[in-house]
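Participant: Build me a model from this:
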Amino acid sequence: MNELDAIDLGILQLLQNDARLSHKELAYKLNKSVTPIHVRIRRLQKDGYIKRYATILDPKKIGRGLIAFTQVQLKEHSQDTLLTFQREVVKLSEVMECYHMTGAFDFLLRIAISDMNEYNELLMNKLSKLRDVGTMQSFFVMSEAKNETAYVLDGGK
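Facilitator: As a prediction, the model looks like this:
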């Protein structure tokens, strides 16, 4: 972040909240002209600050309203086993996020499904069939108090 100035941070903050903003709108909000905004956005993309643009859907409206956080412990912990599990689990469309973790469990998965029947199918026919899966423990979301996708970039102001 040391390479980023106030204009870069402003661009990133605005785009996190609304990626549909045009370069003209960004320029107006940041009191700059369009050309430097365009150049900065291209640099931010090239340097990897902006990974991609996405539309965030309401999972309930698309039939994916049941969210589970599933911890997975593998039987073996060799590099090959860990990489193989990771490579295979990310192919499952129900798995929205996959994190390799420290602690008692090796991976934490965020899974979006329609209902418990679909979760059971995923568990029995996909997850449990992955190589070297040992213990799994799932937690189901009852309600959501906060779900942010934007990082605060200005020191918390």
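
Participant: From Lys29, how far out is His77?
Facilitator: 49 Å (C-beta to C-beta, to the nearest Å). Heads up, the C-betas are built off the backbone N, CA and C, glycines and all.

Participant: who has more neighbours, the two?
Facilitator: The residue with the greater number of neighbours, taking His77 and Lys29 and applying other C-beta atoms under 10 Å, is Lys29; the counts read 14 against 10.

Participant: excluding its backbone neighbours, what's nearest that one?
Facilitator: With C-beta to C-beta, 6 or more residues apart in numbering as the measure, Leu14 is the residue that lies nearest to Lys29, at 6.1 Å, once sequence neighbours are left out.

Participant: Tell me the buried residues in the one helix or strand the one you found maps to?
Facilitator: Element membership of Leu14 [criterion: DSSP states H and E] is helix 6-17. Along helix 6-17, the positions that meet the burial threshold by neighbour count (16 or more other C-beta atoms under 10 Å) are 8-15.

Participant: now swap in stretch 111-122 and tell me
Facilitator: If you call a residue buried by 16+ other C-beta under 10 Å, then stretch 111-122 has these buried ones: 111-113, 118-119, 122.

Participant: What does the residue of the chain most remote from its centre show for phi and psi?
Facilitator: With distances taken from the mean C-alpha point of the chain and given as C-alpha atoms, centre = their mean, the most distant residue is Ser33, at 32.3 Å. Note on Ser33: backbone dihedrals following degrees, to the nearest 10 are phi -90, psi 170.

Participant: How many residues are close by the nearest residue to it once chain neighbours are set aside?
Facilitator: Spatial nearest neighbour of Ser33, excluding adjacent residues (C-beta to C-beta, 6+ apart): Ala27 at 5.7 Å. When counting by other C-beta under 10 Å, one arrives at 18 neighbours for Ala27.

Participant: any idea whether Ala27 is helix, strand or coil?
Facilitator: Local secondary structure at Ala27 is given as helix here, using DSSP: H, G, I helix; E, B strand; the rest coil.

Participant: List the contacts of the residue nearest to the spatial centre of the chain.
Facilitator: Per C-alpha atoms, centre = their mean, the C-alpha nearest to the average position across the chain is that of Glu97, at 5.8 Å. In this structure, Glu97 makes contact with 108-110, judged by C-beta atoms under 8 Å, 6 or more residues apart in numbering.

Participant: ok, so of the buried residues of stretch 111-122, who is nearest Ile56?
Facilitator: Ala112 (12.4 Å; C-beta to C-beta).
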